[in-house]
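Asker: Prediction below, plus the sequence it came from.
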2 protein chains.
Amino acid sequence: MSLLVFGHKNPDTDSICSSLVMTNLKNKLGIDAKSCRLGEVRKEAEFVLNYFGVEPPEFLESVGSEDSCCLVDHNEYGQSVDGLQDATILEIVDHHKLGGITTATPLSMTLRPVGCTNTILYNMYIENKVEISKPIAGLMLSAILSDTLIFRSPTTTELDIEAGKALAKIAEVDYEKYGMEMFKAGTSLDGYSVEEIVNMDFKAFDMGTKKVGIGQVMTLDIDSVLSKKDEFLTYINASEFDMLYLAITDIIKEGSYMLYKSPDEIVANAFNVEPAQGVFVDGLVSRKKQLVPNLTPEVEKF
Amino acid sequence: MSLLVFGHKNPDTDSICSSLVMTNLKNKLGIDAKSCRLGEVRKEAEFVLNYFGVEPPEFLESVGSEDSCCLVDHNEYGQSVDGLQDATILEIVDHHKLGGITTATPLSMTLRPVGCTNTILYNMYIENKVEISKPIAGLMLSAILSDTLIFRSPTTTELDIEAGKALAKIAEVDYEKYGMEMFKAGTSLDGYSVEEIVNMDFKAFDMGTKKVGIGQVMTLDIDSVLSKKDEFLTYINASEFDMLYLAITDIIKEGSYMLYKSPDEIVANAFNVEPAQGVFVDGLVSRKKQLVPNLTPEVEKF
């Protein structure tokens, strides 16, 4: 049985690319591994796969006790494949906070506080002295540019920049130009419904006693969202979450327009702005480093 | 504030040495770190520290919200310092199963399925191109010999042997001869009470609905234990655990003598022997790889 390698549910570019890149590394090291995905390939990853001529991972519905798994870009049961508790986890490579998974036996686990899983994978190729082909470099670079917003996100580390620049050379692309092209392709909201946009990159959190949903959508076409503001608010206000925040992030202006179901006071205190639907929060680009830590104490006061 | 580096409670040689070795690595990399221990230094580690002329880590009672921690040789709240939930975990290096810790922010975590934490640390020195001094090599080698029973335990991997042999050269010792000397010093049971021997290396497990205690004592002086068999059984039978197993492991014969509070049937099925107090189980040397996985399904049937 192949080792099943997969990123998180609702996969972003890092999850899709991590799965393909880690599988390639395992295969190069003589290990039978299969690249899988836990959800649809989004436009941005689709652009990346087309650009470098790589087939997408296979869709994986669930796993069972006979399966061996390698988790990339996540380390929480809630974000992972159905049935994971019954399967054997042999390896985890991730850059998120530690999420409480337990195993029955020792495993390999490599977590690093960097901007992208593929930065860790890049260093694993170097350590294992495995050659990086042009398409594999392209996948890694794309994920790093995606997760770090072309090195603009506050989650970006020196290691991400170092890996990204080295990979851009192997992939033979101008990373700034290629990154913008990738974001344009990925953030086009043509053909998406309001519901699809809110849930595009959506995570649920428990903050104190409140159920809080935070969606983030990166786009270079802000107007197409804000022109449908009322439609978005109708959908957001009808949600089952106690609070729901949608950050429409403009990666060029390096800030986010906020639509929300929330007491105004929380928005005012968390982001230091005059609360208003569609308010622009300058500098707000990361859910992990800004939205979640800023909102948590304010929501918990309610 | 220094980064606090510590192994598990009731520290063995790997936990004491990991703490000192990781602290040395951090210091060499320019990071302010302090080596700590969560319990008394046992005879074996005392022999190691005296042999290589190294001061023991400082005793650490508890941590609080202002502390930054690096956990070595463990990754479970139950085995760690009091107050850990309030502190910040910046790094974990370990070779045990994944234990369910959660953090609020990303961290560095390096778990590898090898025989000893110091095998991982050895490779971190190599990766970081940090020179290994003779005493530091001695600490790492001692921990590897201790955890792998001089490469005899089934937990031993090629990486442990590779690291151990390289370190023996730097430490300038014959590892077989040194290891035996260390075990003899460490396993002398002179001056220990029955209670102290049972609890020397004792871990509690939940198996199904049962509370199960498993103690293991490595000694080269089996007779001094078995001559006090009745005294041991009186103590074991009075314990609050539903089942309790004490493995008296002879690292030369590569097997364990078992004393237990348990239905005979479990002992018979788990170890494939005629059950009897003091029965020798050939080949049984590892709690993690043999005692726990063999006992769990048998206890759960009860």
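Answerer: Structure received. Numbers count the residues shown, from 1 in each chain, chains lettered A, B, ... in the order given.
Asker: Mind listing what's buried along stretch A:282-298?
Answerer: A:284-292, A:294-296, A:298 (16 or more other CB atoms under 10 Å in any protein chain shown). From N, CA and C alone the C-beta is placed, and that goes for glycine too.
Asker: Low-confidence stretches in the stretch 51-200 of chain A?
Answerer: The model of the stretch 51-200 of chain A has no residue with pLDDT under 70.
Asker: got the residue ranges for the helices in it?
Answerer: Counting by DSSP state H, counting those that start in this stretch, the stretch 51-200 of chain A has these helices, from start to end: A:117-127, A:134-148, A:158-171, A:175-187, A:194-199.
Asker: and the shortest one, which residues are buried?
Answerer: If you call a residue buried by 16+ other CB under 10 Å, then helix A:194-199 has these buried ones: A:V194, A:I197, A:V198, A:N199.
Asker: Of these, just say which sits nearest to chain B.
Answerer: The closest of the buried residues of helix A:194-199 to chain B turns out to be A:N199 (CB to the nearest CB; 24.6 Å).
Asker: The closest one and A:F6: what is the separation?
Answerer: 20 Å (CB to CB, to the nearest Å).
Asker: neighbours around the nearest residue to A:L291 once chain neighbours are set aside, how many?
Answerer: Nearest residue to A:L291, sequence neighbours excluded (CB to CB, 6 or more residues apart in numbering or on different chains): A:I214, at 5.5 Å. For A:I214, the neighbour count with other CB atoms under 10 Å in any protein chain shown is 21.
Asker: Name the helix or strand for A:I214, please.
Answerer: Element membership for A:I214 (DSSP states H and E) is strand A:210-218.
Asker: Identify all contacting residues around that strand.
Answerer: A:149, A:183, A:186-187, A:189, A:197-206, A:225, A:239-249, A:251, A:256, A:287, A:291-292, A:295, A:299-300, A:302 (CB atoms under 8 Å, 6 or more residues apart in numbering or on different chains).
Asker: swap in stretch A:292-302?
Answerer: Contacts of stretch A:292-302 (CB under 8 Å, 6+ apart): A:205, A:207-208, A:210, A:212, A:214, A:243, A:245, A:263, A:265-266, A:269-271.
Asker: do the same with stretch A:182-192
Answerer: A:13, A:42-48, A:51, A:142, A:145-146, A:150, A:197, A:200, A:217-221, A:224-225, A:251.
Asker: circling back: name the stretch among the helices of the stretch 51-200 of chain A that sits most buried.
Answerer: Stretch with highest mean neighbour count among those: helix A:134-148 (a mean of 27; mean count of other CB atoms under 10 Å in any protein chain shown).
Asker: which strands and helices sit next to that one?
Answerer: Under the contact definition 3 or more CB pairs under 8 Å, 6 or more residues apart in numbering or on different chains; DSSP states H and E, helix A:134-148 sits against helix A:13-28, helix A:43-52, helix A:117-127, helix A:158-171, helix A:175-187.
Asker: Select, out of those, the one closest to B:V130.
Answerer: helix A:117-127 (15.6 Å; CB to CB).
Asker: circling back: looking at the helices and strands packed on helix A:134-148, which is nearest to B:A163?
Answerer: Here helix A:117-127 is closest among the helices and strands packed on helix A:134-148 (CB to CB), at 15.5 Å.
Asker: could you check the angle helix A:158-171 makes with the closest one?
Answerer: 70 degrees (axes from the mean of the first three to the mean of the last three CA atoms, to 10 degrees).
Asker: Could you see whether chain B lies near helix A:117-127?
Answerer: Yes. Using CB under 8 Å from any CB of the partner chain, helix A:117-127 reaches chain B at A:E127.
Asker: Remind me what that helix packs against, helices and strands.
Answerer: helix A:13-28, strand A:88-94, helix A:134-148, helix A:158-171.
Asker: before we move on, back to that, which of the contacts of stretch A:182-192 are buried?
Answerer: Among those, those classed as buried by neighbour count (16+ other CB under 10 Å) are A:13, A:42-48, A:51, A:142, A:145-146, A:150, A:197, A:200, A:217-220, A:224-225, A:251.
Asker: per-domain residue ranges of chain A.
Answerer: Following automatic domain parsing, one gets these domains for chain A: A:3-186, A:194-300.
Asker: and these as TSV, adding distance to B:L98?
Answerer: Shown next, in TSV, are those (distance: least, CB to CB, whole Å):
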stretch	distance to B:L98
domain A:3-186	4
domain A:194-300	21
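Asker: Spell out which parts of chain A neighbour chain B.
Answerer: Residues of chain A lying near chain B (CB under 8 Å from any CB): A:89, A:92, A:95-114, A:127, A:288.
Asker: ok, and the closest non-adjacent residue to A:Q290?
Answerer: A:L284 (5.4 Å).
Asker: Kindly provide the distance from that neighbour to B:G208.
Answerer: 49 Å.
Asker: what's the answer for A:L167, then?
Answerer: With distances taken as CB to CB, A:L167 is found 50 Å from B:G208.
Asker: do A:L139 as well
Answerer: Distance from A:L139 to B:G208, by CB to CB: 45 Å.
Asker: ok, now A:V72?
Answerer: 33 Å.
Asker: Between those two, point out the one with more neighbours.
Answerer: A:V72 (30 against 12).
Asker: Can you name the residues bridging to that one?
Answerer: In this entry, A:V72 is beta-bridged to A:V93, by DSSP bridges.
Asker: correct me, but it touches A:S19?
Answerer: Yes. Here A:V72 lies in contact with A:S19, judged by CB atoms under 8 Å, at a distance of 5.8 Å.
Asker: Could you tell me which residues touch both of the two?
Answerer: A:V5, A:F6, A:G7.
Asker: confidence score at the first one?
Answerer: Looking at A:V5, its pLDDT is 98.
Asker: Which helix or strand contains it?
Answerer: strand A:3-6.
Asker: Parallel or antiparallel, which strands does that strand pair with?
Answerer: When DSSP bridges is applied, strand A:3-6 pairs with strand A:33-37 (parallel), strand A:68-72 (parallel).
Asker: most packed of these?
Answerer: Among the strands paired with strand A:3-6, strand A:68-72 has the highest mean neighbour count (mean count of other CB under 10 Å), at a mean of 24.
Asker: what angle do it and strand A:88-94 make?
Answerer: Using the same axes, to 10 degrees, strand A:68-72 lies at 10 degrees relative to strand A:88-94.
Asker: Now, the contacts of strand A:210-218 that are in strands?
Answerer: A:202-206, A:243-249, A:256 (DSSP state E).
Asker: Can I get the residues you listed in JSON lines including pLDDT and neighbour count?
Answerer: Output for those, formatted as JSON lines (pLDDT from 0 to 100; neighbours: other CB atoms under 10 Å in any protein chain shown):
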{"residue": "A:F202", "pLDDT": "95", "neighbour count": "17"}
{"residue": "A:K203", "pLDDT": "93", "neighbour count": "17"}
{"residue": "A:A204", "pLDDT": "91", "neighbour count": "11"}
{"residue": "A:F205", "pLDDT": "92", "neighbour count": "17"}
{"residue": "A:D206", "pLDDT": "88", "neighbour count": "10"}
{"residue": "A:M243", "pLDDT": "97", "neighbour count": "23"}
{"residue": "A:L244", "pLDDT": "97", "neighbour count": "23"}
{"residue": "A:Y245", "pLDDT": "97", "neighbour count": "26"}
{"residue": "A:L246", "pLDDT": "97", "neighbour count": "26"}
{"residue": "A:A247", "pLDDT": "96", "neighbour count": "24"}
{"residue": "A:I248", "pLDDT": "94", "neighbour count": "24"}
{"residue": "A:T249", "pLDDT": "92", "neighbour count": "26"}
{"residue": "A:S256", "pLDDT": "96", "neighbour count": "29"}
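Asker: Redo the residues you listed as TSV? Include distance to B:D160.
Answerer: Listed next are those as TSV, based on distance: CB to CB, whole Å:
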residue	distance to B:D160
A:F202	45
A:K203	40
A:A204	42
A:F205	41
A:D206	41
A:M243	51
A:L244	51
A:Y245	49
A:L246	51
A:A247	48
A:I248	52
A:T249	47
A:S256	49
